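*Asks:* Provide a 3D model corresponding to the input given below.
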Amino acid sequence: MDGGIDTFESNVEIRLAGFLRINRLATPRFSLRGKAKVERAASTSPEMARFQALMTLKEMNLVGRVLGAKIKLSLSPTQESKGIVEGRADPRSLDPTQPDPTGTLKSRFDVYVEITTPQGTMYNKEPLSMKAKLRSVPPGWAKYKQSIPSTTLFDKAMDALTADIVNATLTVKLVSSKPLPTVAPVDSKPLPAGEAIGTSPIEPEANVTAQAEKAAEGPPQ
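*Replies:* Now for the predicted structure:
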């Protein structure tokens, strides 16, 4: 299966425990909406009859409100958010080294985000781990769920613990899928005979000797 760039309509439902110094158990759950873009590598078969494709979350811009405050979620500019989808390979695949998938697939992402609020920007040092079961690659629809109890957020300005992401879910709906752009081959025309890279053509030794003798004779009288 060839790689691709998949764009999704995305909706995150999230609770930020301890945000705005609200009692951790009373912090409301809220939604953020927007688009996400995933770069998906060509599939591989790490072992017989298995399908695997690596993914990178390239863009995510989601916005929403909680208690009247505008919230924006985007990807970390310094840490990549990597993912994988794996399962059974379709035995009818034309190329068994790059198989198509079949059946139910497992997918997971380790996501690094920045959450911007009127009080400042928060970020996670440890990955926000999200898992889902898929029926196709790319999925027409899928729901990822946070696979660990909580992920700590730190204030970007003071690097102090600010809140925890709890019970996050990410629902995605496919908008478009395009093939990965191909890299154009480098034009490697052969150099003219006797020419080296970055130099003028190499002159035959006899010509060089004749020119040296002429220079030694000086200008004509």
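*Asks:* Which residue is the nearest non-sequential neighbour of Gly103?
*Replies:* Spatial nearest neighbour of Gly103, chain neighbours left out: Arg88 (4.9 Å); criterion: Cβ to Cβ, 6 or more residues apart in numbering. No exception for glycine: its C-beta is placed from N, CA and C like everyone else's.
*Asks:* Please enumerate the strands of the chain.
*Replies:* For the chain, the strands defined by DSSP state E occupy 4-17, 29-40, 50-66, 69-75, 81-89, 101-111, 113-117, 120-124, 128-134, 141-146, 150-155, 161-179.
*Asks:* thinking again about what came up before, report the separation between the residue nearest to Gly103 and Trp141.
*Replies:* Here the criterion is Cβ to Cβ, to the nearest Å. By it, Arg88 lies 20 Å from Trp141.
*Asks:* try Thr182
*Replies:* Distance from Thr182 to Trp141, counting by Cβ to Cβ: 29 Å.
*Asks:* on that earlier part again, now the strands of the chain in CSV, with mean pLDDT, mean neighbour count and distance to Asp95?
*Replies:* Formatted as CSV, these follow (pLDDT from 0 to 100; neighbours: other Cβ atoms under 10 Å; distance: least, Cβ to Cβ, whole Å):
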stretch, mean pLDDT, mean neighbour count, distance to Asp95
strand 4-17, 94, 20, 16
strand 29-40, 96, 18, 16
strand 50-66, 96, 18, 12
strand 69-75, 94, 17, 32
strand 81-89, 98, 19, 10
strand 101-111, 98, 18, 13
strand 113-117, 94, 19, 36
strand 120-124, 95, 18, 38
strand 128-134, 98, 19, 21
strand 141-146, 98, 18, 25
strand 150-155, 94, 18, 38
strand 161-179, 94, 17, 15
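*Asks:* Now do the residue most central in space within the chain against Pro118, distance only.
*Replies:* For the chain, the residue nearest the mean C-alpha position is Thr56 (2.7 Å; Cα atoms, centre = their mean). Distance, Thr56 to Pro118, using Cβ to Cβ: 31 Å.
*Asks:* now Ser81
*Replies:* Applying Cβ to Cβ to Ser81 and Pro118 gives a distance of 25 Å.
*Asks:* contacting residues around the residue lying closest to Ile14 once chain neighbours are set aside?
*Replies:* If the residues on either side of it in the chain are set aside, Ile14 comes closest to Ala168, at 4.6 Å by Cβ to Cβ, 6+ apart. In this structure, Ala168 makes contact with 12-15, 128, 130, 145-146, 151, judged by Cβ atoms under 8 Å, 6 or more residues apart in numbering.
*Asks:* List the residues that contact the closest residue to the residue nearest to the centre of the chain other than its chain neighbours.
*Replies:* In this structure, Thr56 finds its nearest non-sequential neighbour in Glu39, 4.8 Å apart by Cβ to Cβ, 6+ apart. Contacts for Glu39 (Cβ under 8 Å, 6+ apart) come out as 3-5, 55-56, 58, 180.
*Asks:* again, but for Glu80
*Replies:* Counting by Cβ under 8 Å, 6+ apart, Glu80 touches 56-57, 112.
*Asks:* need those residues in a markdown table with distance to Ala163, can you?
*Replies:* Formatted as a markdown table, those follow (distance: Cβ to Cβ, whole Å):
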| residue | distance to Ala163 |
| --- | --- |
| Thr56 | 26 |
| Leu57 | 22 |
| Tyr112 | 16 |
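*Asks:* closest to Leu67 among those residues?
*Replies:* Tyr112 (25.2 Å; Cβ to Cβ).
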